[in-house]
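Asker: Any chance you could fold what I've pasted below:
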Amino acid sequence: MLQKASPSHQNQPCQNQLGETMSVQTHGSVKYIDQAPGLDPSGRAPETGEAEEAESSSESDPTAFFDTEDHALARYGVVLRRRAGDDGGWRLLVLEGDGAWETTMPLLKTAPERIPAALLRLLEGVSAGSELSAVPAPSELPEEPGPALETGAELLTRMIAQLTGELVRWDLKVRLDVPDAVHQMRVTARSLRSVLKAGKRFFDDDVVAEIESWLRELGRSLSEARDAEVALEMLPDRLEACGDAVGTAFADRELAEAEAHLRTTSAAARRHVGRSEHIAGLARVRSFAADLPLSEKAGKLSARKTANKLLKRSLKKTRKAAARSAEFERTGEAADTTARLVHLHSVRKAAKRVRYVAAAVDRAGVVPGAWVRSAGEEAKRVQKALGETMDAMVLETWLRRRAVKLHGSRSDHYALGMLHGAEMERVRAGVEQGADVIRELLPDSGQDQN
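Answerer: Numbers count the residues shown, from 1 in each chain. Take a look at the predicted model:
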């Protein structure tokens, strides 16, 4: 059973692959061990009565560690430990920062040495179906990003390997129902897809299209749960902004409905990652990352020039989307809010791809050219500004669906209508502001793009 050690609503430090600090709060029964005494990078966290040193594992040892033959668990920062005896049990750790996420399970009464099926299911994405057996205690994990990169091939290999590793880790965290895991797995899938699209000319094999397609479908399968998260995150502030105009009973009911919807959609996301098709797709991504079909061009360019090309390609697509949106605004059809939102969404998605590629380049340890860095920062600002409007659209959609569901009931239609109307106004205002923001993305002539 998963446990949460921190007090209710206490924040925990977590960081995603974009380098953003995540505020993790009490969520179900998840446990995050923050700087636990004795927890080292190998995941060893001695308990009372447990020897602090164990160089090897065997069936007779009180504590045994398990991994695949190729050390997949250690590679992805995962530790599986079994402790024998009356107080024994299984302990699964997913290392993160100075601590780890933890789940524990009791030993099987009839076969205490056997790994529980529930644990094996949790680890399907990490183990890729390989057998887990006793191994020596895990050693310290290597630090990122590693040696300096010289060629574009080295840069692409590192970027894709890092993102694939994150995808595998978020897959496990989604299964564990770790807070924000659905969102971060979706971000990681989109980041990997963005890098593949930006680096399309550096690959020789058609398998890239297959990987991109799988990543796109993964993102779609997680979208409903993410929208439910956004709606629930925004709803309390919106209710508070209405003040006494909405009663406590109405507010409590709507929050409860939003929480229930999040539980339902999160469960659907967990079911998706447990499907054999998903597990097979994740295995294909791992195989692809381990042996990239890179072209000769990738090996001839320097890592910095390759980074510049990746970002410029992403920026070019963003500016094309911005130009289409600006042209639409000039056609006289701007009264169509829905159509304007479609254009804003396209620009935001393109700007996010720039941000994803820039973050992957940075994490790989390569610094692109000054102009590219500046343009990337501008795309990041635009994406964030447009994101507020798109989030408001998510909540507006939720409220509209609630109104349809409650039609004909004795519920407080006035309060719901007021809440929905206020959100529609925010969306309309965001569309107007978005048109101005997008114009800032249109290129100026004469800039040094080297």
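Asker: what's the nearest residue to residue 198 if we skip its chain neighbours?
Answerer: residue 310 (4.3 Å; CB to CB, 6 or more residues apart in numbering). In short, each C-beta sits where N, CA and C put it, glycine included.
Asker: Tell me which helix or strand the one you found sits in.
Answerer: helix 303-330 (DSSP states H and E).
Asker: which other helices and strands contact that helix?
Answerer: helix 152-176, helix 181-198, helix 337-363, helix 370-406, helix 413-439 (3 or more CB pairs under 8 Å, 6 or more residues apart in numbering; DSSP states H and E).
Asker: got TSV for those, with distance to residue 106 too?
Answerer: Output for those, formatted as TSV (distance: least, CB to CB, whole Å):
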stretch	distance to residue 106
helix 152-176	17
helix 181-198	24
helix 337-363	39
helix 370-406	40
helix 413-439	46
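Asker: can you redo those helices as TSV with distance to residue 219 and mean pLDDT?
Answerer: Below are these laid out as TSV (distance: least, CB to CB, whole Å; pLDDT from 0 to 100):
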stretch	distance to residue 219	mean pLDDT
helix 152-176	11	97
helix 181-198	5	97
helix 337-363	11	92
helix 370-406	15	89
helix 413-439	22	89
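Asker: how about the ones you listed, which one is nearest residue 268?
Answerer: Judged by CB to CB, the one of these that comes nearest to residue 268 is helix 181-198, at 10.0 Å.
Asker: From residue 255, how far out is the residue nearest to residue 198?
Answerer: 43 Å (CB to CB, to the nearest Å).
Asker: Show me which of those two is the more surrounded one.
Answerer: residue 310 (30 against 14; other CB atoms under 10 Å).
Asker: got a list of what the more buried one touches?
Answerer: 195, 198, 199, 357, 361 (CB atoms under 8 Å, 6 or more residues apart in numbering).
Asker: tell me the domain ranges of this structure?
Answerer: 12-135, 152-439 (automatic domain parsing).
Asker: Of these, which stretch is the most buried?
Answerer: Highest mean neighbour count among those (mean count of other CB atoms under 10 Å): domain 152-439, with a mean of 18.
Asker: ends of that one, how far apart?
Answerer: 33 Å (CA to CA, to the nearest Å).
Asker: Helices of the stretch 201-350 of the chain, residue ranges please.
Answerer: 207-242, 248-273, 276-290, 296-300, 303-330, 337-363 (DSSP state H, counting those that start in this stretch).
Asker: Next, format these as JSON lines and append distance to residue 132.
Answerer: Conversion of the helices of the stretch 201-350 of the chain to JSON lines gives the following (distance: least, CB to CB, whole Å):
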{"stretch": "helix 207-242", "distance to residue 132": "25"}
{"stretch": "helix 248-273", "distance to residue 132": "19"}
{"stretch": "helix 276-290", "distance to residue 132": "15"}
{"stretch": "helix 296-300", "distance to residue 132": "36"}
{"stretch": "helix 303-330", "distance to residue 132": "37"}
{"stretch": "helix 337-363", "distance to residue 132": "29"}
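Asker: Nearest to residue 397, out of the ones you listed?
Answerer: So among these, helix 207-242 is nearest, using CB to CB, at 7.6 Å.
Asker: could you give me the average pLDDT of that closest one?
Answerer: The average pLDDT within helix 207-242 is 95.
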